[in-house]
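1. generate a structure from the sequence data that follows.
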Amino acid sequence: FTPLIKATASNVYHTNMADFGAQEAFDGNPSTRWATDSGTKQAWIARDFEKDVTVARVRISEAVAERVRRFELQYRAGGEWRTILSGTKLGRNFTQAFPPVTAREFRLAILEATDGPTISEIELLEK
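-> Numbering: from 1, shown residues only. Next up, the predicted model:
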């Protein structure tokens, strides 16, 4: 049983929300994943905590390593997305700390990928 996780994405593999929807990247289960259609080069996945949370570290695991070539981790402030960090590689064990950010919504914007990005887990951590 997966508790209700409020998550959205720009693209889901074959629109199969049950198996590959955005919630699968936030469920704490590394064997599930958010997946996009083959040939997708840009996509985003967002999490709405429905209340303000403070995040100071992110852990991201690509299900199929190293498709992502350029990305930004963002948060929504006053209706616009602001970048916390950006990079050129995720892989299976990306971890990055940053100055604490308090917000309700966070998003991984994949700006460039070699093929359809697929992410098994995104953990937004307080420490």
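
2. would you state the helices of this protein in chain order?
-> Per DSSP state H, the chain carries helices over the ranges 17-20.

3. what does stretch 74-89 contact?
-> Residues outside stretch 74-89 that contact it (Cβ atoms under 8 Å, 6 or more residues apart in numbering): 55, 58, 66, 68-73, 94, 96, 98, 101, 103-109. To be clear about C-beta, it is placed using only N, CA and C from the backbone, and glycine gets the same treatment.

4. same thing but 7 Å
-> 66, 69-73, 96, 98, 101, 103, 105-107, 109 (Cβ atoms under 7 Å, 6 or more residues apart in numbering).

5. in that stretch, which residues are buried?
-> 74-75, 84 (16 or more other Cβ atoms under 10 Å).

6. among those, which ones are in strands?
-> Of the buried residues of stretch 74-89, the ones assigned to strands by DSSP state E are 74-75, 84.

7. adding distance to E24 and pLDDT, write these out as a markdown table.
-> Formatted as a markdown table, these follow (distance: Cβ to Cβ, whole Å; pLDDT from 0 to 100):
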| residue | distance to E24 | pLDDT |
| --- | --- | --- |
| Q74 | 20 | 99 |
| Y75 | 21 | 99 |
| I84 | 22 | 98 |
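
8. pull the most distant pair out of the contacts of stretch 74-89.
-> E66 and A103 (28.4 Å; Cβ to Cβ).

9. right, I'll call it a day here.
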